[in-house]
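[1] 3D, please:
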Amino acid sequence: MAALSVWGLGPGGTPAAAAVACPSGVESDFNGDGIRDTAISDPEASDEGVPKSGAVHVVYGGGKGTLTLLQSSASVPGVPEAGDQFGYSLAVYDADLDGCSDLVVGNPFEDIGTVPDSGSVHVYYGSTKGLNAGGKAVKEFYQGSGKALGGGPETDDWVGYALAAGKTSDGAPYLIIGSPGESIGTVEDAGGFYYVSGTAQTVVFVTQDTDKAGAVPGVVEVDDRYGSALAATPTHFAVGTPGEALGTTTFAGGVAEFSHTLVSGYPKPIAGIAQDQAAVSGAEEVGDQFGAALAMVPYRPAGATSTTESLLAVGVPGEDLSTTVDAGAVQVFRLTATGFTEVAWIDQNTAGVEGEAEAGDFFGRRLAAVNTSPNTTSTGATTRLAIGVPGEEAEEEYPDKGGVLIVPLVGDPGASDSWVEPGYGIPAEPAPRMLTGLSLSASPSLLYVGVPYGPPGNRAVHGFPWNVAPGGAPTQTFRPGVGGIPAAGVAFGAVVG
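    Below you'll find the model as predicted:
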């Protein structure tokens, strides 16, 4: 049986074929029918008996079938290998501007030849016949002489560990590929990212010692892991460096702010953000990991006639709150063409916010955000932020059960916040080590919360309205074995695109 399969359909069905031409402007629409589709990965799934080789499931909107991408298929590059974790990261954008969305799949632990865990990225093109069905070959990005990323593959570079993609304010498609394990000279795990611009997919490589478009913030150091987290809007993008040392304070973390404006082909650096700066709250501490998670949305302040700014949420999951170790926090910044301003600090001790800070909560380990009306003045109702709290426990019976806090990005974070967790909004029995909040994804209408861990019967992806009441129910759910999705799986919902 082919590993690239359409499930849950009658013989001869072509469910993805829905449109004569792909319409422009429909987010995550792989088959051009005007209905949002959803990609769900299980990077720990087995393929042909190979453990943790990974799988990606695509659910077409409107009940038009499902698709499973596996590396054992003739139409998918590579072969399944133990620990590849195909689908470890996902992104969606229109790479060729044909109006159909394209799916980007990160495979950071892919071996290139005999080089282990060098990593790769695949772009699967949408079409009126569905994803990877329009006759356009999969685009591969990996290191090697004559390959898309050039250079030579290196052990543990982890190309594709993080992804961000979209369209700039000028209408040009972009793809950003994190490679946090990259060694720069003899500096191990310094990290970097590849910026892929335009329909020609022109690639440049950026590290903390790049100065092609102005000095990139930071200094190349061991264990910086630059490129571990990425977030972007049409005007800005941000790169997380959770291993950044600030003086002698190791793993304090930092973030670099960029513009999509290209200078000599390179994106323009704007500013570095870290807790050792007077303009940033908090104090750098060992293991804070400022920048381990990022989320960003377009921002239009009152009185503005266009949307040229962004709001950036930065997760600081290792933040200690007084004596509460690793409670975690989130800091929100307003980004402009010339710099940044901090606008909020959020933790579970913030007035009016659900919950209470506890040791090991790791509040802010994952983030997702949305602006439901980017072309109007931004408000707390239109800009929302979901914060993963995977270490949250329910009494002592359910350690690391986890949960998700949803807050406004504009105004008082406690004014309209909400909380969901297994057994309270999330339709799953509470259990230890579910780590709820490690999988978050944003669409314009729904927040997707993956529950890939814990008892197998709990594993699912749930879509909640962004204004859901505390403990409110999801309006959409995907489960293994339901609606044409294959029943087998290990970490279904670890990533949602």
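[2] Low-confidence ranges, the protein, go.
    By pLDDT under 70, the low-scoring segments of the chain are 1-20, 24, 395.
[3] at 80 instead, please
    1-20, 24-26, 394-396 (pLDDT under 80).
[4] What is the lengthiest strand in it packed up against?
    Criterion DSSP state E: the longest strand present in the chain is strand 254-263. Judged by 3 or more CB pairs under 8 Å, 6 or more residues apart in numbering; DSSP states H and E, strand 254-263 is in contact with strand 236-241, strand 266-273, strand 309-316. Quick note: C-beta positions are derived from backbone N, CA and C, even for glycine.
[5] what are the pairing partners of that strand, and which direction each?
    Neighbouring strands of strand 254-263 in its sheet, by DSSP bridges, are strand 236-241 (antiparallel), strand 266-273 (antiparallel).
[6] in it, what counts as buried?
    Gly254, Val255, Ala256, Glu257, Phe258, Ser259, His260, Thr261, Leu262 (16 or more other CB atoms under 10 Å).
[7] Nearest to Ala494, out of those residues: which one, please.
    Set against Ala494, the nearest of the buried residues of strand 254-263 by CB to CB is Val255 (24.0 Å).
[8] Am I right that that closest one is in contact with Ala271?
    No. Between Val255 and Ala271 there is no contact under CB atoms under 8 Å: 9.0 Å.
[9] On the three-state scheme, Ala82 is what?
    Of the three states, Ala82 takes coil under DSSP: H, G, I helix; E, B strand; the rest coil.
[10] Can you report how many residues neighbour it?
    13 (other CB atoms under 10 Å).
[11] Helix, strand, or coil at the closest residue to Ala344 other than its chain neighbours?
    Spatial nearest neighbour of Ala344, excluding adjacent residues (CB to CB, 6 or more residues apart in numbering): Val332 at 4.0 Å. At Val332, secondary structure determined by three-state DSSP is strand.
[12] how close does Thr210 sit to Trp158?
    As for Thr210, its distance to Trp158 is 19 Å (criterion: CB to CB, to the nearest Å).
[13] Mind checking which of the two has more residues around it?
    Taking other CB under 10 Å, Thr210 and Trp158 do not tie; Trp158 has more neighbours (27 against 19).
[14] May I ask you to confirm that that one is in contact with Pro108?
    Yes. Judged on CB under 8 Å, Trp158 makes contact with Pro108 at a distance of 4.1 Å.
[15] Now the common contact residues for those two.
    Asp117, Gly119 (CB atoms under 8 Å, 6 or more residues apart in numbering).
[16] can you dump the C-alpha coordinates of stretch 308-326 into PDB?
    C-alpha atoms of stretch 308-326 as PDB (Å, rounded to 0.1, in the frame of the first residue of the first chain):
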ATOM      1  CA  THR A 308       3.400  48.500   9.900                       C
ATOM      2  CA  GLU A 309       4.100  47.400  13.400                       C
ATOM      3  CA  SER A 310       4.100  44.100  15.200                       C
ATOM      4  CA  LEU A 311       3.500  42.700  18.700                       C
ATOM      5  CA  LEU A 312       6.000  40.100  19.800                       C
ATOM      6  CA  ALA A 313       5.400  37.700  22.700                       C
ATOM      7  CA  VAL A 314       8.600  36.100  24.200                       C
ATOM      8  CA  GLY A 315       8.400  33.000  26.400                       C
ATOM      9  CA  VAL A 316      10.800  32.900  29.400                       C
ATOM     10  CA  PRO A 317       9.900  29.400  30.600                       C
ATOM     11  CA  GLY A 318      12.800  29.200  33.100                       C
ATOM     12  CA  GLU A 319      12.100  32.500  34.800                       C
ATOM     13  CA  ASP A 320      12.200  32.300  38.600                       C
ATOM     14  CA  LEU A 321       9.500  34.300  40.300                       C
ATOM     15  CA  SER A 322      11.100  35.200  43.600                       C
ATOM     16  CA  THR A 323      11.800  31.700  45.200                       C
ATOM     17  CA  THR A 324       9.500  29.900  42.800                       C
ATOM     18  CA  VAL A 325      11.900  28.200  40.500                       C
ATOM     19  CA  ASP A 326      11.100  27.800  36.800                       C
END
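[17] List the buried residues for that stretch?
    Here stretch 308-326 shows 308-321, 324, 326 as buried, counting by 16+ other CB under 10 Å.
[18] Distance from it to the middle of the chain?
    Between the centre of stretch 308-326 and the centre of its chain there are 17 Å (CA atoms, centre = their mean, to the nearest Å).
[19] ok so, going back, is it possible to export the helices and strands packed on strand 254-263 to CSV including distance to Gly489?
    Supplementary listing: the helices and strands packed on strand 254-263 in CSV, determined by distance: least, CB to CB, whole Å:
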stretch, distance to Gly489
strand 236-241, 29
strand 266-273, 37
strand 309-316, 27
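[20] For Val123, find the nearest of these.
    Of all the helices and strands packed on strand 254-263, strand 236-241 comes closest under CB to CB, at 18.1 Å.
[21] if we look at that closest one, which residues are touching it?
    By CB under 8 Å, 6+ apart, strand 236-241 touches 162, 164, 176, 178, 191, 193, 208, 218, 224-232, 253-260, 267, 270, 291-294, 296, 310, 312, 314, 335.
[22] still on that earlier bit, name the residues contacting each of Val255 and Ala271.
    Both Val255 and Ala271 lack any common contact, where contact means CB under 8 Å, 6+ apart.
[23] residues in contact with Pro470?
    Each residue near Pro470 by CB under 8 Å, 6+ apart is listed here: Glu354, Ser418, Trp419, Val420, Tyr424, Gly425.
[24] swap that for Ala295, sorry
    Ala295 makes contact with Ala231, Leu312, Ala313, Leu367, Ala368, Ala369, Leu385, Ala442, according to CB under 8 Å, 6+ apart.
[25] which of those are buried?
    Using 16+ other CB under 10 Å, the buried ones in these are Ala231, Leu312, Ala313, Leu367, Ala368, Ala369, Leu385, Ala442.
[26] what pairs with the first one across the strands?
    This points to Ala231. With DSSP bridges as the rule, Ala231 is bridged to Ala238.
[27] From Val255, how far out is Thr261?
    Where Val255 is concerned, Thr261 sits at a distance of 19 Å (CB to CB).
[28] and if you look at Ala172?
    Using CB to CB, we find Ala172 at a distance of 23 Å from Val255.
[29] Also Ala215?
    Distance, Ala215 to Val255, by CB to CB: 16 Å.
[30] again, but for Thr233
    Taking CB to CB as the measure, Thr233 falls 14 Å from Val255.
[31] same thing with Pro432?
    33 Å.
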